[in-house]
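> Sequence and predicted structure, then a few things I'm wondering about:
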Amino acid sequence: MKKRLLYLFMLICSVSLFTSCGDDDDDVKYPVDSELAGAYKGTMDVYYVGVSTPIASDMVQKVYISKASDTAVKLELKNFTITVAGSELLIGDITVDNCALTKSGDTYKFAGNQTLSLVVGSCNTSVSGTVGKNAVEMVIDVDVEGGMKVKVNYKGTKLSGSENSEAKITGFTIDNEVVTVAPIIDEEKSVITFKVNDEATADDLKALVPVVTVSEKATVTPASGVAQDFSGGKSVVYTVVSEDGTSRKYTVSIEGVQNIMRYSLDEWSEFDAGSSYDNYWTPEPAGFLATSNGGAKMLNGSSSAVKVGYPVMKETEGFNGGAAKLVTLDSRGHALGSLAPITSGSLFTGVFSLNMLAPLKSTKFGIAYDKEPKLFKGVYKYR
């Protein structure tokens, strides 16, 4: 009797042992934390189901994978946006809390589904793909309330955590004469504005070429140096993506227009001073710009033994194109030197008409202008 009880006890122990071993085999644990979890940066193509042409291609997007259990992962795609009729439509954060894992060679397959309450309404969402070896590939299907179905193909690589996360436009310039106030970056509002000449045509505003600089190792779309259309009140959205996939959008637009008088000093004409005097150069447009050369002609008679020269000269090597060179001349060697020992160069808006009886009335400063002047801008070099 005692032997039978002993055998029965040993049998129970052995069954318990084998049962315990079997439970251990079924207790699968995948290396979610150590190998799979993390942020992934990649690109996605977005399709309307039934349409072969993608509505968006190669969109840079970050995906987050975290641990749901030892055999499942949580997947997040934040700020999912698609384009509808030329406008961006924010769908929202795509989150599937429990995607079951199955081992497949040296990677893992995953699949899951969830009903989400998004900006566009209630959406049935399913996801499937593979993850492992620092990469993820997946397909996301979103059934948007109302019948629209969207499919997303995504490929990404795992980030190390040392990548630069800054996504900023650090410089924005437009080198075009119709731009009267250079672009100003408002970081708080993520907008960039500039002003243009009120005579700028639609063709002018379609040919503006912004030069954009961004944070280190970031990229920008549209690319720097590509012409953009700002005509008809249009704005252009620039998207900056950092090295780690963080993105930021800037809206660029014309803030206003300005009436502007612009004198490049590139165009000059030779003024006929008459047979008794040497001719001199005068800047265009005539009637708007004048110089002191008209008075200096008295010191440059054709038959005079001493010629002082003209104090305002055409200069081809200016800051950007042509310029006016203004000098002060020594007139003491001339017969009229006692009246004008020095002859200075000057450039002004208006006209010069020599009046020998009342020299101070020779200059007619200014031109008619129907607006309030706000800004005077130019470049000069002094020696």
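Structure received. Fair warning: this is a prediction, and the values are worked out from it, not measured in the lab.

> what kind of secondary structure is Glu372 in?
Following DSSP: H, G, I helix; E, B strand; the rest coil, we place Glu372 in the coil state.

> That one: neighbouring residues, count only.
For Glu372, the count of nearby residues is 6 (other CB atoms under 10 Å). No exception for glycine: its C-beta is placed from N, CA and C like everyone else's.

> Kindly report the same for Ile169.
Neighbour tally, Ile169, other CB under 10 Å: 23.

> Tell me if I'm right that it and Val214 touch.
Yes - with contact taken as CB atoms under 8 Å, Ile169 and Val214 are classed as touching, separated by 5.8 Å.

> joint contacts of those two?
In terms of CB atoms under 8 Å, 6 or more residues apart in numbering, Ile169 and Val214 are both contacted by the residues 220, 240.

> What residues does the closest residue to Glu166 other than its chain neighbours make contact with?
Nearest residue to Glu166 in three dimensions, chain neighbours excluded: Ser215, at 4.0 Å (CB to CB, 6 or more residues apart in numbering). Residues in contact with Ser215 (CB under 8 Å, 6+ apart) are 164, 166-168, 170, 240, 242.

> Of the residues you listed, keep whichever come out buried.
The neighbour count (16 or more other CB atoms under 10 Å) marks 166-168, 240, 242 as buried among these.

> Name the nearest of these relative to Lys41.
Ser242 (9.3 Å; CB to CB).

> Which helix or strand contains the residue nearest to the closest one when sequence neighbours are not counted?
Distances taken as CB to CB, 6+ apart place Ala167 nearest to Ser242, at 4.0 Å, with adjacent residues excluded. Counting by DSSP states H and E, no helix or strand carries Ala167.

> residues in contact with Ala182?
173-174, 194.

> what's the closest of those to Gly132?
Distance to Gly132, by CB to CB, is smallest for Thr173 among the contacts of Ala182, at 45.4 Å.

> correct me, but that closest one touches Ser224?
No - using CB under 8 Å as the test, Thr173 is too far from Ser224 to be in contact (9.8 Å).

> intersection of neighbour lists for these two?
210-211.

> follow-up on the earlier one: looking at the residue nearest to Ser242 now. What's its pLDDT?
What the model reports as pLDDT for Ala167 is 96.

> quick one on the thing from earlier: reformat the contacts of Ser215 as JSON lines; add distance to Lys74.
Shown next, in JSON lines, are the contacts of Ser215 (distance: CB to CB, whole Å):
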{"residue": "Asn164", "distance to Lys74": "26"}
{"residue": "Glu166", "distance to Lys74": "27"}
{"residue": "Ala167", "distance to Lys74": "25"}
{"residue": "Lys168", "distance to Lys74": "30"}
{"residue": "Thr170", "distance to Lys74": "35"}
{"residue": "Val240", "distance to Lys74": "28"}
{"residue": "Ser242", "distance to Lys74": "24"}
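
> which ones are touching the closest residue to Asp33 other than its chain neighbours?
Leaving aside its chain neighbours, Asp33 sits nearest to Lys67 (5.6 Å; criterion: CB to CB, 6+ apart). Residues in contact with Lys67 (CB under 8 Å, 6+ apart) are 32-33, 37, 73-74.

> quick revisit: write the PyMOL selection for whichever of the contacts of Ala182 are buried.
Buried residues within the contacts of Ala182, by 16+ other CB under 10 Å, are selected in PyMOL with:
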select buried, resi 174+194
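
> Mind putting the contacts of Ala182 into CSV with pLDDT, distance to Glu137 and secondary structure?
Output for these, formatted as CSV (pLDDT from 0 to 100; distance: CB to CB, whole Å; DSSP: H, G, I helix; E, B strand; the rest coil):
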residue, pLDDT, distance to Glu137, secondary structure
Thr173, 97, 40, strand
Ile174, 97, 41, strand
Phe194, 96, 43, strand
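
> got CSV for the contacts of Ala182, with distance to Gly233 too?
Below are the contacts of Ala182 laid out as CSV (distance: CB to CB, whole Å):
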residue, distance to Gly233
Thr173, 22
Ile174, 17
Phe194, 14
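
> just to revisit the earlier point, okay, the residue nearest to Glu166 and Pro283: tell me how far apart.
Counting by CB to CB, to the nearest Å, the gap from Ser215 to Pro283 is 45 Å.

> Helix, strand, or coil at the residue nearest to Asp33?
strand.

> what bridges to it?
For Lys67, the beta-bridge partners are Val73 (DSSP bridges).

> Just to be sure, Lys307 is in a helix?
No - checked against three-state DSSP, Lys307 lies outside a helix; its state is coil.

> where does it land on pLDDT?
pLDDT, read off for Lys307, is 87.

> OK, contacts around it?
278, 299-301, 334.

> Next: Lys371.
Counting by CB under 8 Å, 6+ apart, Lys371 touches Asn259.
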